[in-house]
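Undergrad: With the sequence up front, the predicted model follows.
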Amino acid sequence: MSQTRDLPEAAFAKHDSSPDELFYAEPRFVTHIDEGAIAAVTELYRTLFPAGGTLLDLMSSWVSHLPEEVDYAEVIGLGLNERELAANPRLTRVLVQNLNTYPALPLDDASVDGAAICVSVQYLQDPIGVLADAARVLKAGAPLAITFSNRCFPTKAVAIWQVMPDEDHQRLVLFYLKEAGFTALEARALRLPGQDHDPLWAVIGRAPAR
């Protein structure tokens, strides 16, 4: 596991330390944010990811929230539940992998035009290691978009995520990306908290030149 002086290993402990494969063994054909938040994710992807490019949907599921009208050369989905991934109509390639056990991505250097992690970064126990390898597979200057709300599976979210207030999660993800080597970092509040809807935040980084 990647270590930094500011984030000890205990920061990434989980209440449920059993293998993630057990927790995700049964498919969950649900969305974890409301329709407005999904629309905000889709609009972000529309502005960031190039049509005709190769995309990587990390910690993917049965839906990728990509704009329906945009065609991509390839959409690679990496996740834990094979049935969910098989049901995702946007995926052209499926990889079943536990990033908490195997953080290295089985992809070539500089082979991807854009990558996304949607409402899942809070479950990574080696986020800097995973993101550093994402930087490796992205082409120079290609974007990685990390979106998150105020929801999670509390037994599987890492300790540091749960003890921090929602408004500090952007700062934490910015730290992850900086440590992983990303540049041109940007934080956006896509939907502010409200009583009748899910909030949504995004942190975006660009893969460095080699």
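TA: Yes, it's here.
Undergrad: For the nearest residue to residue 206 once chain neighbours are set aside, give me its contacts.
TA: Excluding the flanking residues, the one nearest residue 206 by CB to CB, 6 or more residues apart in numbering is residue 184, at 4.2 Å. From N, CA and C alone the C-beta is placed, and that goes for glycine too. When contacts are counted by CB atoms under 8 Å, 6 or more residues apart in numbering, residue 184 touches 204-206.
Undergrad: Could you say which helix or strand holds residue 184?
TA: strand 183-191 (DSSP states H and E).
Undergrad: May I see the buried residues of that strand?
TA: Buried residues in strand 183-191, counted by 16 or more other CB atoms under 10 Å: 190-191.
Undergrad: Using CSV, list the CA coordinates for it.
TA: C-alpha atoms of strand 183-191 as CSV (Å, rounded to 0.1, in the frame of the first residue of the first chain):
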residue,chain,number,x,y,z
THR,A,183,-1.6,18.2,-12.7
ALA,A,184,-4.1,21.1,-13.5
LEU,A,185,-6.1,20.0,-10.5
GLU,A,186,-9.6,21.5,-10.2
ALA,A,187,-12.5,21.1,-7.7
ARG,A,188,-16.1,21.8,-8.6
ALA,A,189,-19.3,21.8,-6.6
LEU,A,190,-21.7,20.5,-9.2
ARG,A,191,-24.8,20.5,-6.9
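Undergrad: how far does that strand sit from the chain's center?
TA: Computed by CA atoms, centre = their mean, to the nearest Å, the chain-centroid distance of strand 183-191 equals 14 Å.
Undergrad: Within its sheet, name the partner strands of that strand and how each one runs.
TA: Paired with strand 183-191 in the same sheet, following DSSP bridges, are strand 200-206 (antiparallel).
Undergrad: Many thanks, we can stop here.
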